[in-house]
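# sharing a model prediction with you, sequence too.
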Amino acid sequence: MSARVIPVQPFDYVVFGATGDLTKRKLIPALYYRFKAGQFDQRSRIIGISRRPWDDKKMQEIARQSIKNHVDEIYHDPDVIEKFVSCFSYVANDVTDKDGWQEISDKLRDDKDVVRAFYLAVAPNLFAPICEYLKSGKYCHSNARVVLEKPLGHDLESSVQINDAVGAAFSEDQIYRIDHYLGKETVQNLLALRFANAMFEPIWNATHIDHVQISVAESVGAGTRGYYDEAGALRDMIQNHILQLLCLVAMEPPASNKPNALRDEKLKVLRSLKPLIGEDLKTNTVRGQYKGVRAETLEVASYQDELPDELKGSHTETFVAIKAEIKNWRWSGVPFYIRTGKRLATRMSEIVIQFRKVPHSIFSKDQGTPTANKLVIRLQPDEGVKLFMMIKDPGPGGMRLREVHLNLSFADTFEDRVPEAYERLLLDVIRGDQTLFMRRDELEEAWKWVDPIRAAWDAMHEAPQPYSVGTWGPTSSVALIERDGRTWHEESDY
Ligand code: BG6
(Lines give C-alpha, C1' and ligand atoms only; values in the text may rest on other atoms or scores of the structure.)
Protein backbone atom coordinates (compact mmCIF):
# COMPACT_ATOMS: atom_id res chain seq x y z
CA MET A 1 0.00 0.00 0.00
CA SER A 2 1.50 3.34 -1.03
CA ALA A 3 1.36 6.35 1.27
CA ARG A 4 -1.00 9.14 0.25
CA VAL A 5 0.84 12.30 -0.77
CA ILE A 6 -0.94 15.62 -0.54
CA PRO A 7 1.28 18.34 -2.05
CA VAL A 8 1.83 21.53 -0.08
CA GLN A 9 1.91 25.05 -1.49
CA PRO A 10 5.36 26.42 -2.41
CA PHE A 11 7.18 27.66 0.70
CA ASP A 12 10.34 29.44 1.85
CA TYR A 13 12.29 27.46 4.47
CA VAL A 14 15.11 29.38 6.10
CA VAL A 15 17.52 27.14 7.98
CA PHE A 16 19.78 28.84 10.51
CA GLY A 17 22.68 26.51 11.29
CA ALA A 18 22.73 25.17 7.74
CA THR A 19 26.33 23.95 7.95
CA GLY A 20 25.64 21.81 11.03
CA ASP A 21 25.28 18.11 11.46
CA LEU A 22 21.52 18.12 11.95
CA THR A 23 20.99 19.81 8.60
CA LYS A 24 23.19 17.32 6.79
CA ARG A 25 22.07 14.18 8.57
CA LYS A 26 18.37 14.83 9.08
CA LEU A 27 16.85 17.94 7.50
CA ILE A 28 18.18 17.66 3.94
CA PRO A 29 17.49 13.90 3.63
CA ALA A 30 13.99 14.36 5.05
CA LEU A 31 13.20 17.18 2.62
CA TYR A 32 14.61 15.13 -0.24
CA TYR A 33 12.35 12.18 0.53
CA ARG A 34 9.34 14.52 0.54
CA PHE A 35 10.45 16.19 -2.69
CA LYS A 36 10.93 12.83 -4.36
CA ALA A 37 7.48 11.75 -3.22
CA GLY A 38 6.06 14.83 -4.95
CA GLN A 39 5.03 16.70 -1.84
CA PHE A 40 6.67 19.91 -3.01
CA ASP A 41 8.44 21.06 -6.12
CA GLN A 42 11.07 23.47 -7.40
CA ARG A 43 8.91 26.46 -6.65
CA SER A 44 9.87 26.06 -2.98
CA ARG A 45 13.00 27.70 -1.63
CA ILE A 46 15.37 26.37 1.00
CA ILE A 47 17.73 29.04 2.23
CA GLY A 48 20.69 27.97 4.34
CA ILE A 49 22.24 30.45 6.73
CA SER A 50 25.42 30.18 8.69
CA ARG A 51 28.65 32.03 9.38
CA ARG A 52 30.79 30.00 7.01
CA PRO A 53 31.70 31.77 3.77
CA TRP A 54 29.78 29.39 1.51
CA ASP A 55 27.72 30.35 -1.51
CA ASP A 56 24.67 28.84 -3.28
CA LYS A 57 26.87 26.40 -5.21
CA LYS A 58 28.53 25.08 -2.08
CA MET A 59 25.18 24.70 -0.30
CA GLN A 60 23.86 22.74 -3.27
CA GLU A 61 26.94 20.53 -3.22
CA ILE A 62 26.40 19.89 0.48
CA ALA A 63 22.80 18.93 -0.28
CA ARG A 64 24.02 16.42 -2.90
CA GLN A 65 26.54 14.98 -0.43
CA SER A 66 23.95 14.73 2.26
CA ILE A 67 21.67 12.71 -0.03
CA LYS A 68 24.58 10.52 -1.05
CA ASN A 69 25.49 9.80 2.57
CA HIS A 70 22.13 9.68 4.29
CA VAL A 71 19.47 8.66 1.78
CA ASP A 72 18.99 5.01 0.91
CA GLU A 73 20.60 4.39 -2.48
CA ILE A 74 17.44 3.03 -4.07
CA TYR A 75 15.95 6.53 -3.77
CA HIS A 76 18.85 8.21 -5.59
CA ASP A 77 17.50 9.60 -8.83
CA PRO A 78 19.95 11.99 -10.53
CA ASP A 79 17.21 14.06 -12.23
CA VAL A 80 15.23 14.44 -9.04
CA ILE A 81 18.38 15.23 -7.05
CA GLU A 82 19.30 18.06 -9.45
CA LYS A 83 15.81 19.51 -9.31
CA PHE A 84 15.84 19.24 -5.52
CA VAL A 85 19.21 20.91 -5.01
CA SER A 86 18.15 23.78 -7.26
CA CYS A 87 15.77 24.79 -4.43
CA PHE A 88 18.78 25.57 -2.23
CA SER A 89 20.56 28.86 -1.80
CA TYR A 90 22.84 30.21 0.91
CA VAL A 91 23.54 33.38 2.84
CA ALA A 92 26.73 33.74 4.86
CA ASN A 93 25.60 35.70 7.87
CA ASP A 94 26.61 36.11 11.43
CA VAL A 95 23.10 36.42 12.83
CA THR A 96 24.17 39.03 15.32
CA ASP A 97 25.35 41.29 12.51
CA LYS A 98 22.45 43.44 11.36
CA ASP A 99 23.93 44.29 7.97
CA GLY A 100 23.88 40.72 6.74
CA TRP A 101 20.12 40.52 6.99
CA GLN A 102 19.33 42.35 3.78
CA GLU A 103 20.62 39.40 1.79
CA ILE A 104 18.25 37.04 3.62
CA SER A 105 15.43 39.41 2.92
CA ASP A 106 16.24 39.41 -0.79
CA LYS A 107 15.93 35.64 -0.96
CA LEU A 108 12.46 35.57 0.57
CA ARG A 109 9.26 36.08 -1.36
CA ASP A 110 7.48 39.26 -0.50
CA ASP A 111 4.10 37.59 -0.51
CA LYS A 112 2.15 37.00 2.68
CA ASP A 113 0.39 34.01 1.12
CA VAL A 114 3.67 32.11 0.92
CA VAL A 115 4.47 30.26 4.13
CA ARG A 116 7.91 31.13 5.43
CA ALA A 117 9.45 28.99 8.13
CA PHE A 118 12.55 29.91 10.11
CA TYR A 119 14.23 26.77 11.38
CA LEU A 120 16.62 27.50 14.25
CA ALA A 121 19.10 24.62 14.27
CA VAL A 122 21.53 26.72 16.29
CA ALA A 123 22.69 27.04 19.90
CA PRO A 124 19.81 28.26 22.08
CA ASN A 125 21.66 31.43 23.07
CA LEU A 126 21.09 32.55 19.47
CA PHE A 127 17.30 32.07 19.60
CA ALA A 128 16.72 35.45 21.24
CA PRO A 129 18.92 37.56 18.92
CA ILE A 130 17.60 35.81 15.80
CA CYS A 131 14.00 36.34 16.87
CA GLU A 132 14.70 39.97 17.68
CA TYR A 133 16.07 40.55 14.19
CA LEU A 134 13.21 38.65 12.64
CA LYS A 135 10.80 40.88 14.49
CA SER A 136 12.53 44.19 13.94
CA GLY A 137 13.09 43.37 10.26
CA LYS A 138 9.34 42.61 9.93
CA TYR A 139 9.94 39.04 8.82
CA CYS A 140 7.18 37.63 11.02
CA HIS A 141 4.05 38.10 8.94
CA SER A 142 0.91 36.08 9.63
CA ASN A 143 2.16 33.16 7.54
CA ALA A 144 5.59 33.05 9.18
CA ARG A 145 6.58 30.24 11.54
CA VAL A 146 9.56 29.50 13.70
CA VAL A 147 10.88 26.02 14.40
CA LEU A 148 12.98 25.44 17.51
CA GLU A 149 15.37 22.58 18.03
CA LYS A 150 16.32 21.34 21.45
CA PRO A 151 17.83 22.04 23.88
CA LEU A 152 15.05 24.45 24.77
CA GLY A 153 16.84 25.55 27.91
CA HIS A 154 18.57 23.56 30.61
CA ASP A 155 16.01 24.19 33.34
CA LEU A 156 12.70 25.95 33.87
CA GLU A 157 14.22 29.38 34.22
CA SER A 158 16.28 29.25 31.03
CA SER A 159 13.37 27.71 29.17
CA VAL A 160 11.10 30.57 30.28
CA GLN A 161 13.70 33.05 29.02
CA ILE A 162 13.85 31.35 25.63
CA ASN A 163 10.09 31.14 25.38
CA ASP A 164 9.73 34.81 26.33
CA ALA A 165 12.26 35.88 23.72
CA VAL A 166 10.70 33.79 20.96
CA GLY A 167 7.22 34.75 22.13
CA ALA A 168 8.07 38.44 21.73
CA ALA A 169 8.42 37.87 17.98
CA PHE A 170 5.99 35.04 17.26
CA SER A 171 2.62 34.07 18.69
CA GLU A 172 2.30 30.60 20.22
CA ASP A 173 0.46 29.28 17.15
CA GLN A 174 3.49 30.23 15.03
CA ILE A 175 6.01 28.41 17.25
CA TYR A 176 6.94 24.81 16.47
CA ARG A 177 9.05 23.18 19.20
CA ILE A 178 10.49 19.98 17.81
CA ASP A 179 10.59 16.77 19.76
CA HIS A 180 11.50 14.42 16.96
CA TYR A 181 10.13 11.42 18.89
CA LEU A 182 6.64 12.75 18.22
CA GLY A 183 7.30 12.46 14.51
CA LYS A 184 8.22 8.78 14.68
CA GLU A 185 5.66 6.58 12.94
CA THR A 186 5.13 4.25 15.88
CA VAL A 187 4.69 7.13 18.27
CA GLN A 188 1.94 8.56 16.11
CA ASN A 189 0.57 5.06 15.95
CA LEU A 190 0.03 5.11 19.69
CA LEU A 191 -2.77 7.58 19.02
CA ALA A 192 -4.33 5.29 16.44
CA LEU A 193 -3.90 2.25 18.63
CA ARG A 194 -5.51 3.87 21.65
CA PHE A 195 -8.20 5.98 20.02
CA ALA A 196 -9.11 4.18 16.80
CA ASN A 197 -9.69 0.82 18.48
CA ALA A 198 -12.52 0.47 20.95
CA MET A 199 -11.03 -2.58 22.64
CA PHE A 200 -8.15 -0.91 24.50
CA GLU A 201 -9.74 2.09 26.19
CA PRO A 202 -11.95 0.15 28.66
CA ILE A 203 -8.91 -1.70 30.00
CA TRP A 204 -6.43 1.17 29.79
CA ASN A 205 -6.36 1.92 33.50
CA ALA A 206 -5.21 0.83 36.95
CA THR A 207 -7.86 -1.87 37.18
CA HIS A 208 -6.34 -3.82 34.32
CA ILE A 209 -2.79 -2.53 33.90
CA ASP A 210 -0.14 -3.58 36.40
CA HIS A 211 2.60 -1.24 35.20
CA VAL A 212 4.11 0.44 32.16
CA GLN A 213 7.72 0.38 30.97
CA ILE A 214 9.31 2.86 28.60
CA SER A 215 12.84 2.06 27.47
CA VAL A 216 14.94 4.06 25.04
CA ALA A 217 18.26 2.28 24.75
CA GLU A 218 21.10 3.38 22.53
CA SER A 219 24.21 1.41 21.67
CA VAL A 220 26.14 4.52 20.64
CA GLY A 221 28.12 6.54 23.14
CA ALA A 222 27.66 10.17 24.10
CA GLY A 223 30.36 11.16 21.62
CA THR A 224 32.31 14.33 22.02
CA ARG A 225 29.41 16.76 21.90
CA GLY A 226 30.11 19.40 24.57
CA TYR A 227 26.37 19.81 24.96
CA TYR A 228 25.94 16.28 26.26
CA ASP A 229 28.13 16.73 29.29
CA GLU A 230 26.09 19.78 30.29
CA ALA A 231 22.80 18.01 29.69
CA GLY A 232 23.18 14.38 30.73
CA ALA A 233 20.55 11.74 30.01
CA LEU A 234 17.95 13.36 32.25
CA ARG A 235 17.80 16.57 30.23
CA ASP A 236 18.76 15.03 26.90
CA MET A 237 16.17 12.23 26.82
CA ILE A 238 13.86 12.11 29.82
CA GLN A 239 12.70 15.74 29.98
CA ASN A 240 11.51 15.64 26.39
CA HIS A 241 11.29 12.38 24.45
CA ILE A 242 10.44 10.00 27.26
CA LEU A 243 8.02 12.30 29.05
CA GLN A 244 6.25 12.87 25.75
CA LEU A 245 5.91 9.12 25.27
CA LEU A 246 4.63 8.78 28.81
CA CYS A 247 2.03 11.48 28.12
CA LEU A 248 0.75 9.74 25.02
CA VAL A 249 0.35 6.48 26.91
CA ALA A 250 -1.24 8.04 29.98
CA MET A 251 -3.39 10.89 28.70
CA GLU A 252 -7.17 10.90 28.70
CA PRO A 253 -8.83 10.59 25.30
CA PRO A 254 -8.85 14.10 23.83
CA ALA A 255 -12.13 15.40 22.44
CA SER A 256 -10.57 15.61 18.96
CA ASN A 257 -7.17 15.30 17.38
CA LYS A 258 -6.87 19.07 17.10
CA PRO A 259 -3.43 20.21 18.34
CA ASN A 260 -4.66 21.93 21.48
CA ALA A 261 -7.09 19.19 22.45
CA LEU A 262 -4.20 16.76 22.47
CA ARG A 263 -1.77 19.10 24.14
CA ASP A 264 -4.27 19.95 26.88
CA GLU A 265 -4.46 16.26 27.79
CA LYS A 266 -0.68 15.79 27.74
CA LEU A 267 -0.31 18.80 29.98
CA LYS A 268 -2.68 17.27 32.54
CA VAL A 269 -0.50 14.17 32.72
CA LEU A 270 2.62 16.24 33.30
CA ARG A 271 0.82 18.13 36.05
CA SER A 272 -0.17 14.84 37.69
CA LEU A 273 3.34 13.45 37.89
CA LYS A 274 4.29 12.86 41.49
CA PRO A 275 7.32 15.04 42.33
CA LEU A 276 10.42 13.00 43.08
CA ILE A 277 11.86 14.53 46.20
CA GLY A 278 13.35 13.34 49.50
CA GLU A 279 13.22 9.58 50.05
CA ASP A 280 11.26 9.04 46.83
CA LEU A 281 14.14 10.49 44.89
CA LYS A 282 16.65 8.17 46.51
CA THR A 283 14.63 5.00 46.04
CA ASN A 284 13.01 5.76 42.70
CA THR A 285 15.84 7.15 40.60
CA VAL A 286 19.06 5.60 39.36
CA ARG A 287 21.77 7.28 37.33
CA GLY A 288 24.76 5.65 35.73
CA GLN A 289 27.78 6.38 33.61
CA TYR A 290 29.35 3.89 31.22
CA LYS A 291 32.76 2.49 31.82
CA GLY A 292 34.81 1.03 29.02
CA VAL A 293 35.78 -2.47 28.23
CA ARG A 294 39.38 -3.38 27.68
CA ALA A 295 40.00 -6.89 26.53
CA GLU A 296 42.39 -8.35 24.03
CA THR A 297 39.86 -8.41 21.23
CA LEU A 298 37.76 -5.44 22.14
CA GLU A 299 38.32 -1.97 23.38
CA VAL A 300 35.49 0.45 24.00
CA ALA A 301 36.14 3.74 25.73
CA SER A 302 34.46 4.90 28.92
CA TYR A 303 32.48 8.10 29.01
CA GLN A 304 35.40 9.59 30.94
CA ASP A 305 37.91 8.59 28.23
CA GLU A 306 35.87 10.46 25.64
CA LEU A 307 35.83 13.70 27.57
CA PRO A 308 38.31 16.50 26.95
CA ASP A 309 40.78 17.04 29.82
CA GLU A 310 38.92 19.96 31.35
CA LEU A 311 35.80 17.82 31.84
CA LYS A 312 37.46 14.68 33.19
CA GLY A 313 35.88 13.53 36.44
CA SER A 314 32.45 14.74 35.25
CA HIS A 315 29.45 13.36 37.15
CA THR A 316 27.17 13.60 34.12
CA GLU A 317 24.85 10.63 33.82
CA THR A 318 24.68 8.62 30.61
CA PHE A 319 21.94 6.38 31.99
CA VAL A 320 18.78 7.10 33.96
CA ALA A 321 16.07 4.81 35.32
CA ILE A 322 13.10 6.24 37.17
CA LYS A 323 9.99 4.83 38.74
CA ALA A 324 7.42 7.54 38.05
CA GLU A 325 3.89 7.78 39.34
CA ILE A 326 0.90 9.62 37.99
CA LYS A 327 -1.38 10.83 40.72
CA ASN A 328 -4.78 10.67 39.13
CA TRP A 329 -7.83 8.43 39.08
CA ARG A 330 -6.85 6.39 36.04
CA TRP A 331 -3.29 5.59 37.03
CA SER A 332 -3.29 5.48 40.79
CA GLY A 333 -0.91 2.72 41.94
CA VAL A 334 0.42 1.97 38.42
CA PRO A 335 4.17 2.60 38.25
CA PHE A 336 5.71 3.87 35.04
CA TYR A 337 9.28 2.54 34.87
CA ILE A 338 11.31 4.59 32.45
CA ARG A 339 14.93 4.14 31.45
CA THR A 340 17.34 5.40 28.87
CA GLY A 341 21.05 5.17 28.34
CA LYS A 342 24.00 5.32 26.00
CA ARG A 343 26.25 2.39 25.16
CA LEU A 344 23.68 -0.14 26.27
CA ALA A 345 23.40 -3.69 24.99
CA THR A 346 21.51 -2.70 21.86
CA ARG A 347 19.58 0.11 20.16
CA MET A 348 15.97 -0.38 21.07
CA SER A 349 13.03 1.80 22.04
CA GLU A 350 9.78 0.35 23.24
CA ILE A 351 6.76 0.85 25.42
CA VAL A 352 5.48 -2.13 27.36
CA ILE A 353 1.96 -2.18 28.77
CA GLN A 354 1.90 -4.98 31.31
CA PHE A 355 -1.62 -6.12 32.10
CA ARG A 356 -2.63 -7.76 35.36
CA LYS A 357 -2.83 -11.53 35.82
CA VAL A 358 -6.13 -13.35 35.49
CA PRO A 359 -7.86 -13.07 38.88
CA HIS A 360 -8.22 -16.83 39.23
CA SER A 361 -6.70 -19.61 37.15
CA ILE A 362 -8.94 -22.56 36.32
CA PHE A 363 -5.94 -24.57 35.06
CA SER A 364 -3.97 -27.11 37.03
CA LYS A 365 -0.24 -26.65 37.66
CA ASP A 366 0.55 -29.30 35.04
CA GLN A 367 -1.41 -27.40 32.45
CA GLY A 368 0.52 -24.20 33.10
CA THR A 369 0.11 -20.88 34.80
CA PRO A 370 -1.38 -18.15 32.64
CA THR A 371 1.18 -15.40 32.09
CA ALA A 372 -0.25 -11.89 32.25
CA ASN A 373 -0.89 -10.24 28.88
CA LYS A 374 1.52 -7.68 27.62
CA LEU A 375 1.30 -5.16 24.79
CA VAL A 376 4.67 -4.17 23.39
CA ILE A 377 4.88 -1.16 21.13
CA ARG A 378 8.24 -1.23 19.41
CA LEU A 379 9.35 2.23 18.29
CA GLN A 380 12.65 1.18 16.75
CA PRO A 381 14.12 -0.83 15.21
CA ASP A 382 11.65 -3.41 13.79
CA GLU A 383 8.71 -1.05 14.31
CA GLY A 384 5.54 -2.81 15.25
CA VAL A 385 3.10 -3.89 17.91
CA LYS A 386 3.01 -7.23 19.69
CA LEU A 387 0.36 -8.60 21.98
CA PHE A 388 1.53 -11.40 24.24
CA MET A 389 -1.29 -13.79 25.04
CA MET A 390 -2.02 -17.31 26.20
CA ILE A 391 -3.38 -20.10 24.01
CA LYS A 392 -3.72 -23.85 24.25
CA ASP A 393 -0.69 -25.59 22.83
CA PRO A 394 -2.07 -27.37 19.73
CA GLY A 395 -2.24 -31.15 19.77
CA PRO A 396 -4.20 -34.00 21.22
CA GLY A 397 -2.13 -34.25 24.41
CA GLY A 398 -4.61 -32.40 26.58
CA MET A 399 -4.59 -28.84 27.83
CA ARG A 400 -1.23 -27.15 27.94
CA LEU A 401 -0.98 -23.37 28.14
CA ARG A 402 1.48 -21.55 25.98
CA GLU A 403 2.35 -17.86 25.49
CA VAL A 404 2.26 -16.63 21.89
CA HIS A 405 2.54 -13.23 20.20
CA LEU A 406 0.07 -11.55 17.94
CA ASN A 407 2.57 -9.71 15.83
CA LEU A 408 1.92 -6.61 13.78
CA SER A 409 5.27 -5.95 12.16
CA PHE A 410 5.24 -2.77 10.08
CA ALA A 411 7.88 -4.12 7.73
CA ASP A 412 5.79 -7.23 6.95
CA THR A 413 2.47 -5.41 6.79
CA PHE A 414 3.38 -2.34 4.77
CA GLU A 415 5.52 -2.27 1.67
CA ASP A 416 6.67 1.30 2.10
CA ARG A 417 9.74 2.24 4.06
CA VAL A 418 8.99 3.77 7.45
CA PRO A 419 9.44 7.53 6.99
CA GLU A 420 11.87 9.45 9.19
CA ALA A 421 10.36 11.61 11.92
CA TYR A 422 11.64 14.81 10.34
CA GLU A 423 9.79 14.17 7.08
CA ARG A 424 6.50 14.47 8.86
CA LEU A 425 7.51 17.30 11.16
CA LEU A 426 9.15 19.57 8.58
CA LEU A 427 6.09 19.46 6.40
CA ASP A 428 3.67 19.82 9.32
CA VAL A 429 5.27 23.21 9.88
CA ILE A 430 4.33 24.21 6.34
CA ARG A 431 0.85 22.73 6.71
CA GLY A 432 0.43 24.67 9.95
CA ASP A 433 -0.30 21.55 12.00
CA GLN A 434 1.05 21.82 15.56
CA THR A 435 -0.27 18.48 16.80
CA LEU A 436 3.15 16.86 17.04
CA PHE A 437 4.94 19.84 18.54
CA MET A 438 5.30 20.82 22.18
CA ARG A 439 3.36 23.75 23.53
CA ARG A 440 5.09 26.16 25.87
CA ASP A 441 3.19 25.08 28.99
CA GLU A 442 4.00 21.39 28.35
CA LEU A 443 7.67 22.13 28.05
CA GLU A 444 7.72 24.19 31.21
CA GLU A 445 5.73 21.63 33.16
CA ALA A 446 8.24 18.95 32.15
CA TRP A 447 11.07 21.12 33.49
CA LYS A 448 9.19 21.55 36.76
CA TRP A 449 9.27 17.79 37.27
CA VAL A 450 12.85 17.34 36.12
CA ASP A 451 14.51 20.30 37.86
CA PRO A 452 14.20 19.00 41.46
CA ILE A 453 15.64 15.64 40.39
CA ARG A 454 18.60 17.35 38.79
CA ALA A 455 19.08 19.66 41.78
CA ALA A 456 18.98 16.77 44.27
CA TRP A 457 21.49 14.73 42.26
CA ASP A 458 23.81 17.71 41.97
CA ALA A 459 23.57 18.34 45.69
CA MET A 460 24.71 14.77 46.42
CA HIS A 461 28.09 15.41 44.75
CA GLU A 462 28.27 11.69 44.03
CA ALA A 463 29.49 10.04 40.89
CA PRO A 464 26.79 8.13 38.97
CA GLN A 465 26.99 4.37 39.28
CA PRO A 466 29.28 2.80 36.73
CA TYR A 467 27.98 0.27 34.23
CA SER A 468 29.90 -1.64 31.62
CA VAL A 469 29.32 -0.82 27.99
CA GLY A 470 27.09 -3.34 26.25
CA THR A 471 24.96 -4.03 29.34
CA TRP A 472 21.54 -2.74 30.43
CA GLY A 473 22.87 -0.15 32.86
CA PRO A 474 23.80 -0.26 36.54
CA THR A 475 22.55 -3.21 38.58
CA SER A 476 20.58 -0.82 40.75
CA SER A 477 18.32 -0.12 37.75
CA VAL A 478 17.42 -3.81 37.79
CA ALA A 479 16.86 -3.60 41.53
CA LEU A 480 14.60 -0.57 40.99
CA ILE A 481 11.99 -2.74 39.29
CA GLU A 482 12.74 -6.13 40.86
CA ARG A 483 12.18 -4.69 44.31
CA ASP A 484 8.54 -4.39 43.27
CA GLY A 485 8.44 -8.03 42.11
CA ARG A 486 8.63 -7.04 38.43
CA THR A 487 11.28 -7.31 35.72
CA TRP A 488 12.36 -5.26 32.73
CA HIS A 489 11.04 -6.63 29.50
CA GLU A 490 13.99 -8.34 27.82
CA GLU A 491 14.96 -8.03 24.20
CA SER A 492 14.84 -11.82 23.87
CA ASP A 493 11.18 -11.76 24.97
CA TYR A 494 10.27 -9.83 21.86
C1 BG6 B 1 18.43 13.28 20.57
C2 BG6 B 1 19.45 13.24 21.67
O3 BG6 B 1 17.40 14.16 20.90
O4 BG6 B 1 17.88 11.97 20.39
C5 BG6 B 1 20.55 12.24 21.34
O6 BG6 B 1 20.02 14.53 21.84
C7 BG6 B 1 19.95 10.90 21.03
O8 BG6 B 1 21.48 12.14 22.41
C9 BG6 B 1 18.85 11.00 20.00
O10 BG6 B 1 20.99 10.06 20.55
C11 BG6 B 1 18.12 9.69 19.83
O12 BG6 B 1 17.25 9.79 18.74
P13 BG6 B 1 16.85 8.49 17.90
O14 BG6 B 1 15.83 9.00 16.93
O15 BG6 B 1 18.12 8.02 17.25
O16 BG6 B 1 16.31 7.50 18.86
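Nice, I can see it.

# now what about stretch 41-59, what contacts it?
When contacts are defined by Cβ atoms under 8 Å, 6 or more residues apart in numbering, stretch 41-59 is touched by residues 7, 10-20, 23, 31, 35, 62, 83, 86-95, 104, 107-109. Heads up, the C-betas are built off the backbone N, CA and C, glycines and all.

# can I have the buried ones of those as a PyMOL selection?
One line in PyMOL is enough to select the buried members of the contacts of stretch 41-59, burial here meaning 16 or more other Cβ atoms under 10 Å:
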select buried, resi 10+11+12+13+14+15+16+17+18+19+20+23+31+35+62+87+88+89+90+91+92+93+95+104+108
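
# who are the packing partners of whatever helix or strand V216 lives in?
Using DSSP states H and E, the secondary-structure element containing V216 is strand 209-217. Where contact means 3 or more Cβ pairs under 8 Å, 6 or more residues apart in numbering; DSSP states H and E, strand 209-217 is packed against helix 243-250, strand 336-341, strand 348-355.

# circling back to that earlier point, and the contacts of stretch 41-59, which of them are in helices?
For these, membership in helices holds for L31, F35, I62, K83, I104, K107, with DSSP state H as the criterion.

# out of everything not next to it in sequence, what's closest to the fifth one?
Once its chain neighbours are removed from consideration, I104 has its nearest residue in V91; the separation is 5.2 Å (Cβ to Cβ, 6 or more residues apart in numbering).

# again, but for the fourth one
With sequence-adjacent residues excluded and distances taken as Cβ to Cβ, 6+ apart, K83 is closest to Q42, at 5.4 Å.

# and the last one, by the same measure?
The shortest distance from K107 to any residue other than its chain neighbours is 4.9 Å, reached at I47 (Cβ to Cβ, 6+ apart).

# tally of neighbours for the one you found?
For I47, the number of neighbouring residues by other Cβ atoms under 10 Å comes to 24.

# could you do F437 as well?
21.

# that one and R145: what is the separation?
F437 is 10 Å from R145, where distance means Cβ to Cβ, to the nearest Å.

# which residues do these two both contact?
Looking at what touches both F437 and R145 (by Cβ under 8 Å, 6+ apart), the common residues are I175, Y176.

# rewinding a little: which outside residues touch the strand holding V216?
Strand 209-217 has contacts (Cβ under 8 Å, 6+ apart) with 203, 237, 241-242, 245-246, 249-250, 334-341, 344-357, 372, 379, 472, 481, 484, 486, 488-489.

# correct me, but R194 touches E201?
Yes: because the distance of 6.8 Å satisfies Cβ atoms under 8 Å, R194 is recorded as touching E201.

# compare the two (neighbour count), which wins?
Using other Cβ under 10 Å, the more surrounded residue of R194 and E201 is R194, with 15 against 12.

# in a helix, the more buried one, correct?
Yes: per DSSP: H, G, I helix; E, B strand; the rest coil, R194 lies within a helix segment.

# next up, the contacts around it.
Under the contact definition (Cβ under 8 Å, 6+ apart), the residues listed for R194 are F200, E201, W204, L248, P253.

# so for this structure, the centremost residue is which one?
The central residue of the chain, meaning the one whose C-alpha is nearest the mean C-alpha position (Cα atoms, centre = their mean), is Y181 at 2.5 Å.

# could you pull up phi and psi at that one?
Dihedral angles of Y181 (phi, psi; degrees, to the nearest 10) stand at phi -60, psi -30.

# all numbers from here: first residue = 9
Right, with 9 as the first residue, what we last looked at is Y189.

# check contacts around it.
Under the criterion of Cβ under 8 Å, 6+ apart, the contact partners of Y189 comprise V195, N248, H249, Q252, L253, L387, A429.

# I'd like the distance between it and L254.
The spacing between Y189 and L254, counted by Cβ to Cβ, is 11 Å.

# partner strands of the helix or strand of the chain with the lowest mean pLDDT, with direction?
Across the helices and strands of the chain, the lowest-confidence element by mean pLDDT, DSSP states H and E is strand 301-302, at a mean of 78. Looking at strand 301-302 with DSSP bridges, its paired strands and their directions are strand 307-308 (antiparallel).

# and stretch 424-439, what's buried?
So for stretch 424-439, counting by 16+ other Cβ under 10 Å, buried means P427, E428, A429, Y430, E431, R432, L433, L434, L435, D436, V437, I438.

# would you state the helices of the stretch 359-502 of the chain in chain order?
If DSSP state H, counting those that start in this stretch is used as the criterion, the helices of the stretch 359-502 of the chain fall at 418-421, 429-439, 448-468, 483-490.

# looking at those, which is closest to S227?
Within the helices of the stretch 359-502 of the chain, the stretch nearest S227 is helix 483-490; the backing value is 16.6 Å (Cβ to Cβ).

# so where's the stretch 359-502 of the chain uncertain?
Within the stretch 359-502 of the chain, the set of residues satisfying pLDDT under 70 comprises 499-502.

# make it 80
Applying pLDDT under 80 to the stretch 359-502 of the chain flags residues 423-424, 499-502.

# low-confidence ranges, the stretch 209-358 of the chain, go.
Residues of the stretch 209-358 of the chain that meet the criterion pLDDT under 80 lie in 231-234, 302-307.

# how about 90 then?
Within the stretch 209-358 of the chain, the ranges that satisfy pLDDT under 90 run 231-235, 300-309, 316-318.

# got the residue ranges for the helices in it?
Counting by DSSP H, counting those that start in this stretch, the stretch 209-358 of the chain forms helices over residues 234-241, 251-258, 267-280, 286-292, 311-314, given from the N-terminal end onward.

# any weak-confidence spans in the stretch 9-158 of the chain?
When residues are selected by pLDDT under 90, those of the stretch 9-158 of the chain lie in 9-14, 101-113, 131-132, 144-148, 158.

# strands of that one, residue ranges please.
Per DSSP state E, counting those that start in this stretch, the stretch 9-158 of the chain carries strands over the ranges 19-24, 53-58, 96-100, 123-128, 152-156.

# quick one: closest of those to A303.
Proximity to A303 (Cβ to Cβ) singles out strand 53-58 among the strands of the stretch 9-158 of the chain, at 42.7 Å.

# how about the closest one: buried residues?
Neighbour counts over strand 53-58 (16+ other Cβ under 10 Å) mark R53, I54, I55, G56, I57, S58 as buried.

# can you redo the residues you listed as JSON lines with distance to E333?
Listed next are the buried residues of strand 53-58 as JSON lines, based on distance: Cβ to Cβ, whole Å:
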{"residue": "R53", "distance to E333": "49"}
{"residue": "I54", "distance to E333": "45"}
{"residue": "I55", "distance to E333": "47"}
{"residue": "G56", "distance to E333": "45"}
{"residue": "I57", "distance to E333": "45"}
{"residue": "S58", "distance to E333": "45"}
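
# ok, how many other residues are close to E287?
Using other Cβ under 10 Å as the criterion, the residues surrounding E287 number 8.

# and if you look at the one 3 residues further on?
When neighbours are defined as other Cβ under 10 Å, K290 has 11 of them.

# for R42, see how far away it is.
Distance of K290 to R42, given as Cβ to Cβ: 48 Å.

# same question for E69.
Remark: distance between E69 and R42 (Cβ to Cβ) = 21 Å.

# and what of V16?
When V16 is compared with R42 (using Cβ to Cβ), they lie 9 Å apart.

# higher neighbour count, these two?
The residue with the greater number of neighbours, taking V16 and R42 and applying other Cβ under 10 Å, is R42; the counts read 24 against 18.
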